[in-house]
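> starting from these lines, generate the structure:
(one chain, ligands or ions: 1)
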Amino acid sequence: MHRSLIQHLYLHIPFCHRVCPYCSFYKHTPGNTDMAAFVDAILNELTLHQRQLDLRPKTIYFGGGTPTALSRSHLTTLIHGLRQRLDLSDLQELCLEANPKTVSPAKATLLRDLGVTRVSLGVQAWDQPTLTLLGRDHAPDEATETFHILRDAGIPALNLDLMFSIPHQTLDIWTAGLHHSLSLKPDHLSCYNLTYEEDTDFLQRHQTGELDQNQDRDADHFGTTIDLLEAAGYEHYETSNFALPGRRSLHNQAYWQGADYLGLGPSASSTHQRTRWKNISDTTRYNELLSQNRVPIVESEDLTDNQWLMERIALELRTAEGLSLSRIAPSIAHWLPTLQTENLIHLTPTHLHLTREGKPLVDQIAETLIPEEPK
Ligand code: SF4
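Alright, predicted model coming up:
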C-alpha cells in the first residue's frame, strides 16, 4: 500500500462507570481491567501502525466510552506517550469526551496542562426525569458544576452533548434545557435526535411499546433547536452540530469531509485510501493481542465506488457546505427540480444545500439522491 499522510487520530476508551440503556457504542464498566496494560496496548497499537502509515495529526479525538474514566496518571501516560511517538507540530485540536462526575478540578487542570484544547461534555438532558429515563448517573446540577470546573480550568473550547425527542420529554422541557445550555455560553452544542439502536435495552423497550417514537415530536424539537441556537449566534454547520463562529469541531469536520483517519483502541474503525478496517470489540482480547505485538484488526474491506459515493452523499448533505453537485449521478438528477419545487433544497453552481424545510428530512433526501447499487 502506498504510504500517505494520516492527519486525524481517534482513540476509543471503552470504560463507563454506568452503561446507558440507549447506547450502542462498545463500552463496559472498568471491572478489573488492567488500566496500565490498556494504556500500553493503545500506545503499542500506534507504534505498530507507524511501521505502515505516516502520521502527523492535525486532530486527535478521545471518544468512548468515557475517556475521563481514566485516572489522572493513566491520562498523563497516554497523552505523554502520544507526544513522544508522534510529530505534533501540525496539531490544531486535541479533544476529549467527558462525563459529569468524572471531572474533578484537579483532572480538569491536568487536561489543560496536557494540551487538551476541547472537551465535549455528555450532558444529554438538564431535567432529572429525563436523566433517570436515560439511565444517566449524574444530576442536572452536577453537569452544571462540571461545566464550570472545565471553564475555570481554562479548557479553550467546550461542547455540550444533548439529546432530544426522548419519550416524556415535552417541547417545554427540551426548550428549557436549551435555554439553560445557552446560559452557560458553550462554544459548541451537539444535539442528537434519540434513535433506537440495535442491541440496546431501549430498542427492546421500544419494540414492546414502552418507549415511543414520534415524528412530530422529532420535528418540533429539531426545529426549535435550530431557531433558538441560530438566534443565539450559533452556526448550524452540520445536522446535529452548532458552533459559535470559529469554534467548529475540526476532527468531526474532517470525518464528514471524508478525510482518512486512524482509530486506536477496542472497536475503533479506521479509513485509509478507501480501505476501512475495524478493531476487535473486546478489551481483554485487545490487550492480549497488543501484548504479543499483534494488530487487533478483525474486519477489513475496500469500499466500492458506490459505497464511497453513498457515504459522501449522506455525510455532505448534512453539512452547511452542502453536497457537491459532482456527486449526483445523471440517473438521479431528475429529482432535483422536484426537491426544489417542494422547497427542500436550493442549488448553487457547485453545491446542493438543504433549506430550513429540508433539514428535518435529511435522511429521506439522501436516500433519494443515492443511486442504486449496480447489479
Ligand atoms: S456514558 Fe456515553 S458511552 Fe458510556 S454508556 Fe453512556 S452514552 Fe454510552
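
> quick one: which helix or strand includes the residue in the stretch 151-300 of the chain that the ligand sits nearest to?
When scored by C-beta to the nearest ligand atom, the stretch 151-300 of the chain has residue 161 as its residue closest to the ligand, at 8.6 Å. (Glycine included, C-beta is placed from N, CA and C.) Assessed by DSSP states H and E, residue 161 sits inside strand 157-164.

> quick one: the helices in the protein?
35-50, 72-85, 105-113, 128-133, 140-153, 171-183, 201-207, 215-231, 250-256, 283-291, 305-316, 335-341, 362-369 (DSSP state H).

> give me the neighbour count for the closest residue to residue 146 other than its chain neighbours.
Excluding its sequence neighbours, the residue lying closest to residue 146 (C-beta to C-beta, 6 or more residues apart in numbering) is residue 100, at 4.2 Å. Residue 100: 24 surrounding residues under other C-beta atoms under 10 Å.

> list the contacts of residue 100.
121, 122, 123, 138, 142, 143, 145, 146 (C-beta atoms under 8 Å, 6 or more residues apart in numbering).

> the residues you listed also near the ligand: which ones?
Applying C-beta under 6 Å from any ligand atom to the contacts of residue 100, one finds that residue 122 fall near the ligand.

> give me the neighbour count for residue 242.
25.

> redo the helices of the chain as CSV? Include mean neighbour count and mean pLDDT.
Compiled in CSV, those are given as follows (neighbours: other C-beta atoms under 10 Å; pLDDT from 0 to 100):
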stretch, mean neighbour count, mean pLDDT
helix 35-50, 19, 97
helix 72-85, 16, 98
helix 105-113, 17, 98
helix 128-133, 16, 98
helix 140-153, 18, 98
helix 171-183, 17, 98
helix 201-207, 16, 97
helix 215-231, 16, 97
helix 250-256, 20, 97
helix 283-291, 19, 97
helix 305-316, 16, 94
helix 335-341, 14, 95
helix 362-369, 16, 94
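
> out of the ones you listed, which comes closest to residue 348?
helix 335-341 (12.3 Å; C-beta to C-beta).

> now do that closest one: distance to the chain's middle.
31 Å (C-alpha atoms, centre = their mean, to the nearest Å).

> repeat for stretch 308-325
Distance, centroid of stretch 308-325 to centroid of chain: 17 Å (C-alpha atoms, centre = their mean).

> what residues does the stretch 51-200 of the chain put near the ligand?
So the stretch 51-200 of the chain meets the ligand at 64, 65, 66, 99, 122 (C-beta under 6 Å from any ligand atom).

> for the ligand, give me its nearest residue in the stretch 101-250 of the chain.
For the stretch 101-250 of the chain, C-beta to the nearest ligand atom, closest residue to the ligand: residue 122, 5.4 Å.

> with neighbour count and pLDDT added, can I get the residues of the stretch 51-200 of the chain next to the ligand in a markdown table?
What follows is these, written out as a markdown table (neighbours: other C-beta under 10 Å; pLDDT from 0 to 100):
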| residue | neighbour count | pLDDT |
| --- | --- | --- |
| 64 | 25 | 94 |
| 65 | 26 | 94 |
| 66 | 23 | 96 |
| 99 | 28 | 95 |
| 122 | 24 | 97 |
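
> can you put those residues in CSV and add distance to residue 233?
Shown next, in CSV, are those (distance: C-beta to C-beta, whole Å):
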residue, distance to residue 233
64, 30
65, 32
66, 30
99, 27
122, 23
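
> ok, which pair from those residues is furthest apart?
65 and 122 (10.5 Å).

> which residues do those two both contact?
Between them, residue 65 and residue 122 share the contacting residues residue 97, judged by C-beta under 8 Å, 6+ apart.

> run a quick neighbour tally on residue 344.
20.

> hmm, it is touching residue 357, no?
Yes. Using C-beta atoms under 8 Å, residue 344 is in contact with residue 357, at 5.8 Å.

> residue contacts, the residue nearest to the spatial centre of the chain?
Nearest residue to the geometric centre of the chain (C-alpha atoms, centre = their mean): residue 252, 6.9 Å. Counting by C-beta under 8 Å, 6+ apart, residue 252 makes contact with 61, 238, 241.

> highest neighbour count among those?
residue 61 (26 neighbours).

> just put the helices of the chain in TSV and tack on distance to residue 350.
Output for the helices of the chain, formatted as TSV (distance: least, C-beta to C-beta, whole Å):
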stretch	distance to residue 350
helix 35-50	36
helix 72-85	38
helix 105-113	40
helix 128-133	42
helix 140-153	39
helix 171-183	33
helix 201-207	40
helix 215-231	24
helix 250-256	17
helix 283-291	43
helix 305-316	12
helix 335-341	14
helix 362-369	15
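
> out of those helices, which is closest to residue 351?
helix 305-316 (8.4 Å).

> distance from the closest one to the middle of the chain?
Counting by C-alpha atoms, centre = their mean, helix 305-316 comes out at 18 Å from the chain centroid.

> summarise which helices and strands that helix is packed against.
helix 250-256, strand 323-324, helix 362-369 (3 or more C-beta pairs under 8 Å, 6 or more residues apart in numbering; DSSP states H and E).

> residues in contact with the longest one: which ones?
In other words, helix 362-369. Contacts of helix 362-369 (C-beta under 8 Å, 6+ apart): 239, 313-314, 317-318, 323, 328, 332, 335, 339, 344-345, 352, 354, 358.

> ok and that helix relative to helix 215-231, angle-wise?
If you take axes from the mean of the first three to the mean of the last three C-alpha atoms, to 10 degrees, helix 362-369 sits at 100 degrees to helix 215-231.
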